[in-house]
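Novice: This is the structure alone, sequence omitted:
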C-alpha cells in the first residue's frame, strides 16, 4: 500500500516457490512482518534501520553521505537504466512511483486494467 492505494508487484516463479516452501515458518500474514508485533512494517521501517547504520558505520568517518531510503530507490532506477533494456516506467512502477503526466498514467491504468504487465513481471525475476 502506498498513498492509500493498493500496490502489487508480481513474484517470479522461483520467488513464489521459495516463499511457499517457507510457509510453515510463517508467524504473520505478511511476508516481511514487524518482528516485534507481527504486523506490517511501518512506513518508517527502513529509515529506522538506516538511521543507526549512518551513526555507526565507517563510511561516516570517511565523510561519506548518509544512506537513505530515497537513495536506495534512486540506485534501483539507475541500475535498471544502466544495466537492463527495461524502460524507466517499468522501474517506476516497481517502486510504486507515479508516472509523470496524467494522460500517460490514465492510459496505463486503462491499458493494464490495474494489472501488472509482462515487462513488470520480467523485471522482478
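Specialist: Nice, thanks for sending it over. In this text, all values refer to a predicted model and were calculated from it rather than measured experimentally.
Novice: right, and residue 88 touches residue 77 too?
Specialist: Yes. Using CB atoms under 8 Å, residue 88 is in contact with residue 77, at 6.9 Å. Just so you know, the C-beta spots here come from the backbone N, C-alpha and C atoms, and that holds for glycine as well.
Novice: more crowded one of these two?
Specialist: residue 77 (16 against 13; other CB atoms under 10 Å).
Novice: mind listing what residue 24 touches?
Specialist: Counting by CB atoms under 8 Å, 6 or more residues apart in numbering, residue 24 touches no other residue.
Novice: who's in contact with residue 68?
Specialist: Contacts of residue 68 (CB under 8 Å, 6+ apart): 47, 50.
Novice: Show me what the helix or strand harbouring residue 78 is packed against.
Specialist: Here residue 78 is covered by helix 69-83, with elements defined by DSSP states H and E. Counting contacts by 3 or more CB pairs under 8 Å, 6 or more residues apart in numbering; DSSP states H and E, helix 69-83 packs against helix 45-56, helix 88-94.
Novice: okay if I get those helices as JSON lines plus distance to residue 20 and mean pLDDT?
Specialist: Formatted as JSON lines, the helices and strands packed on helix 69-83 follow (distance: least, CB to CB, whole Å; pLDDT from 0 to 100):
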{"stretch": "helix 45-56", "distance to residue 20": "24", "mean pLDDT": "76"}
{"stretch": "helix 88-94", "distance to residue 20": "22", "mean pLDDT": "74"}
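Novice: Since that was my last question, I'll sign off now.
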